[in-house]
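Novice: have a look; sequence and predicted model below, questions after that.
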Amino acid sequence: MYGDPGLPPDFVSLPYANPNAPKGGRIVFGNTGGFDSLNPFVQKGTTPWQLRYWGYESLMGRSWDEPFTLYGLLAESIRTAPDRSWVEFTLRPEARFSDGAPVTVEDVIWSYETLGTKGHLRYRGLWSKIASIQPTGPRSLRIEFSEQDRELALLAGMRPILQKAQWEGRDFSESALPDIPIGTGAYVVSDYDPGRFVILKRDPAYWGADLPFRRGTMNIDELRVDFFGDDTVKFEAFKAGELTAIYEFNADKWDTQYGFPAVLRGDVVKSEIPNEKPSGITGLVMNTRRAPFDDWRVREALITAFNFDFINGTVTGGTQPRISSYFSGSELSMQPGPAQGAVRDLLLTHSDDLLPGALDGYDLPASDGTARNRKGLRRARNLLKQAGWTVQDGTLRNARGEPFEFTVLLRQGSREMQTVIDLYAPALNRLGIEIQVETVDNAQYVQREASYDFDMTPYRRDLSLSPGNEQKYYWGSDGVDTPGTRNLMGAQNPAIDAMIDTMLAATSREDFLAAVRALDRLLITGRYVIPFWSYDVGRIAHIRQLRYPQDRLPIYGADPRGFLPYVWWYQED
């Protein structure tokens, strides 16, 4: 995106891979919930989230040690205009689908159009920005873009390539469970039992095994995902040896509940993987499409009433730091205090769309250190009063006499989140607010989330060091009422849209950085989410036979999209 790639043209392998890693072994992971589809590229159904990363490839591949840098994968070469108005790809002659068929220009063009018109919403944004896509030779094609956006040339290299012939005469968007898309990746689905397990095996004829980009990766022979009703049952399965690797996101649990016999014997190893990526946002998202969450003062009151220090201490032991903004913990994060320089200039062009704190500085409300948080509740009560809510006969009501009550939508098995709500509810009750919890199964939750049928729900958005067009999908105004976007909070602010556009049009790293820092201010002062704690270290417990290059970790750390199982291998003592 800016400057030159970090690796030379003759690189041997990715810097965080072991090019001499042995092949073999198996890993058994655990997911909660279930699945009713094995097509991860359509809106219909629920698929194992890992599927689209393990079995499918794109024209270019991402290095998890370099933000904004891609290398050729299915494509052997890439050409683009100085202004990025078009990009041309030439396919590798050896590129093959898992059934042995060659990857053709026709497959690429069909994949872009099909995913852009019938695929999951995450793939449709790019298609609307393509003016034309045409073959330029037996193995080459050119994509012309309809708008100025320097990231589009990179995005165009990241769409999964599927096989056109598989879907001749069939409706791609209505695929049934057995209709597993044929991919080009190292793994293929070999067996499954609906809702119970999925098994993928490494393709011994995988076309890309000798590519430098793939050398030392995709080393495990078999990847299995078992499904459980909740995290507690999944953890017990790991302790019993039914799973061989597990991510742990609770620092207190990591410190206090991983002393079971297999760990003490050394059969299970606890690995901590540092990273340099942004915190992202984790917490409870408020649906601003609905009253009273459409009032920023109400949202600020609910954030203030959330006794973070007490709840964090109870749930995580107080060891995980608080998220202070969407890009906190990275160079992209907004700087403390008033906005200055280029960031201030960008914000001032949209002064009418700014909420308090965007220009002058904003810190999340801090509790007073006590369990009851009286100071915080007094401030919350004053904010609610300013918004027209007063206590009448013990119940908080508006001018029309309507009570302040709302429901938190939870996915079945969300025990930790239920604990958070149980600790939060008493503070809301003292304010006169009635809070209820509605727990639904995985299928219902996916449907309710996609249709924005909730007041408040748990929320997690991982953010990268190379934010781009996905930011429109997360909190852009376009499609805010279109079912299935990831803009769960219903953010609809012209200033946010403008900062994303400025970020995408930036031609220098400095301009890009200023736009992201301004965007960060708008998001956190939007008060859309009650922030929780960040996951500053990746925690993976695994059997001792699973190894990874400990001396060359990627800057993205334990990101599951590029670390485990990609650069791991199985090796007996």
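Specialist: Yes, it's here.

Novice: in the stretch 101-250 of the chain, which spans are strands?
Specialist: For the stretch 101-250 of the chain, the strands defined by DSSP state E, counting those that start in this stretch occupy 130-137, 140-145, 187-193, 197-202, 222-228, 245-247.

Novice: make JSON lines from these and add mean pLDDT, distance to residue 369 and mean neighbour count to it.
Specialist: The way it works is simple: take the backbone N, C-alpha and C, and place the C-beta from them, glycine included. As requested, the strands of the stretch 101-250 of the chain are arranged in JSON lines below (pLDDT from 0 to 100; distance: least, C-beta to C-beta, whole Å; neighbours: other C-beta atoms under 10 Å):
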{"stretch": "strand 130-137", "mean pLDDT": "97", "distance to residue 369": "54", "mean neighbour count": "13"}
{"stretch": "strand 140-145", "mean pLDDT": "98", "distance to residue 369": "53", "mean neighbour count": "19"}
{"stretch": "strand 187-193", "mean pLDDT": "97", "distance to residue 369": "50", "mean neighbour count": "17"}
{"stretch": "strand 197-202", "mean pLDDT": "98", "distance to residue 369": "47", "mean neighbour count": "21"}
{"stretch": "strand 222-228", "mean pLDDT": "97", "distance to residue 369": "37", "mean neighbour count": "20"}
{"stretch": "strand 245-247", "mean pLDDT": "97", "distance to residue 369": "31", "mean neighbour count": "18"}
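
Novice: looking at the ones you listed, spot the one closest to residue 373.
Specialist: Among these, the nearest to residue 373 by C-beta to C-beta is strand 245-247 (31.5 Å).

Novice: packing partners of that closest one?
Specialist: Where contact means 3 or more C-beta pairs under 8 Å, 6 or more residues apart in numbering; DSSP states H and E, strand 245-247 is packed against strand 26-32, helix 231-239, strand 537-543.

Novice: adding mean neighbour count, distance to residue 222 and mean pLDDT, write these out as JSON lines.
Specialist: Listed next are the helices and strands packed on strand 245-247 as JSON lines, based on neighbours: other C-beta atoms under 10 Å; distance: least, C-beta to C-beta, whole Å; pLDDT from 0 to 100:
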{"stretch": "strand 26-32", "mean neighbour count": "19", "distance to residue 222": "4", "mean pLDDT": "96"}
{"stretch": "helix 231-239", "mean neighbour count": "17", "distance to residue 222": "17", "mean pLDDT": "95"}
{"stretch": "strand 537-543", "mean neighbour count": "20", "distance to residue 222": "14", "mean pLDDT": "96"}
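
Novice: got JSON lines for these, with distance to residue 443 too?
Specialist: Output for the helices and strands packed on strand 245-247, formatted as JSON lines (distance: least, C-beta to C-beta, whole Å):
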{"stretch": "strand 26-32", "distance to residue 443": "13"}
{"stretch": "helix 231-239", "distance to residue 443": "18"}
{"stretch": "strand 537-543", "distance to residue 443": "29"}
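
Novice: which one of the ones you listed lies nearest to residue 153?
Specialist: That would be strand 537-543 among the helices and strands packed on strand 245-247, by C-beta to C-beta, at 30.5 Å.

Novice: partner strands of the closest one and their direction?
Specialist: Sheet partners assigned to strand 537-543 using DSSP bridges are listed as strand 245-247 (antiparallel), strand 268-274 (antiparallel).

Novice: with only the CA atoms kept, save that strand in CSV.
Specialist: C-alpha atoms of strand 537-543 as CSV (Å, rounded to 0.1, in the frame of the first residue of the first chain):
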residue,chain,number,x,y,z
VAL,A,537,-1.7,-11.5,24.7
GLY,A,538,-2.7,-14.5,22.8
ARG,A,539,-3.1,-17.5,25.1
ILE,A,540,-3.1,-21.0,23.5
ALA,A,541,-3.0,-24.2,25.5
HIS,A,542,-2.0,-27.3,23.4
ILE,A,543,-0.5,-30.7,23.6
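
Novice: and residue 58, which of the helices and strands packed on strand 245-247 is closest to it?
Specialist: Taking C-beta to C-beta, strand 26-32 is the member of the helices and strands packed on strand 245-247 nearest to residue 58, at 23.0 Å.

Novice: and the next element down the chain from that closest one?
Specialist: As assigned by DSSP states H and E, the chain's next helix or strand after strand 26-32 is helix 51-54.

Novice: name every strand pairing with the helix or strand following that following helix and say which way it goes.
Specialist: Sequence order places strand 60-62 as the next helix or strand after helix 51-54, per DSSP H and E. Here strand 60-62 has these sheet partners by DSSP bridges: strand 70-72 (antiparallel).

Novice: who's in contact with the partner strand?
Specialist: 5, 7, 59-63, 78, 92, 154, 157-158, 213 (C-beta atoms under 8 Å, 6 or more residues apart in numbering).

Novice: do that again at 10 Å, thanks
Specialist: Identification of contacts with strand 70-72 by C-beta atoms under 10 Å, 6 or more residues apart in numbering yields 1, 5-7, 9, 11, 14, 58-63, 78, 89-92, 153-155, 157-158, 211-213, 466.

Novice: separate out the buried members of those.
Specialist: Taking 16 or more other C-beta atoms under 10 Å as the criterion, what is buried in the contacts of strand 70-72 is 1, 7, 14, 58-63, 78, 89-92, 153-155, 157, 211-213, 466.

Novice: what's the closest of the helices and strands packed on strand 245-247 to residue 354?
Specialist: strand 537-543 (34.5 Å).

Novice: now the closest one: how far from the chain's centre is it?
Specialist: 19 Å (C-alpha atoms, centre = their mean, to the nearest Å).

Novice: that one to helix 231-239, inter-axis angle?
Specialist: Counting by axes from the mean of the first three to the mean of the last three C-alpha atoms, to 10 degrees, strand 537-543 lies at 50 degrees to helix 231-239.

Novice: mind checking what helix or strand follows strand 537-543 in sequence?
Specialist: strand 546-547.

Novice: how far off centre is that next one?
Specialist: 25 Å.

Novice: now that strand: average pLDDT?
Specialist: Mean pLDDT, computed over strand 546-547, is 98.

Novice: what's the answer for stretch 347-357, then?
Specialist: For stretch 347-357, the mean pLDDT works out to 97.

Novice: residue 530 is nearest to which of the helices and strands packed on strand 245-247?
Specialist: helix 231-239 (21.0 Å).

Novice: out of the helices and strands packed on strand 245-247, nearest to residue 349?
Specialist: strand 537-543 (38.5 Å).

Novice: sketch out the low-pLDDT regions of the stretch 251-400 of the chain for me.
Specialist: Within the stretch 251-400 of the chain, no stretch has pLDDT under 70.

Novice: so which of the strands paired with strand 537-543 is the most surrounded?
Specialist: strand 245-247 (a mean of 18; mean count of other C-beta atoms under 10 Å).

Novice: who touches that one?
Specialist: 27-30, 231, 234-235, 237-239, 258, 268-269, 271, 535, 538-543, 546, 558, 560, 564-565, 568.

Novice: now do the following helix or strand past it: which elements does it pack against?
Specialist: Proceeding N to C from strand 245-247, the next assigned helix or strand is helix 251-256, under DSSP H and E. In terms of contacts (3 or more C-beta pairs under 10 Å, 6 or more residues apart in numbering; DSSP states H and E), helix 251-256 is packed against strand 268-274, helix 308-316, strand 537-543.

Novice: could you redo the last one with a cut-off of 8 Å?
Specialist: Helix 251-256 packs on helix 308-316, strand 537-543, going by 3+ C-beta pairs under 8 Å, 6+ apart.

Novice: centre of the chain to the first one, how far?
Specialist: So the one you mean is helix 308-316. 24 Å.

Novice: check which element follows it along the chain.
Specialist: Next in sequence after helix 308-316, counting helices and strands by DSSP H and E, comes helix 341-348.

Novice: and for whichever helix or strand comes after that following helix, what's in contact with it?
Specialist: Following helix 341-348 in sequence order, the next helix or strand is helix 374-386 (DSSP H and E). The contact list for helix 374-386, computed with C-beta under 8 Å, 6+ apart, reads 297-298, 300-302, 304-305, 307, 365-368, 390, 396, 404, 427, 430-431.

Novice: list the buried residues of helix 374-386.
Specialist: Buried-residue list, helix 374-386, by 16+ other C-beta under 10 Å: 376, 377, 379, 380, 381, 383, 384.
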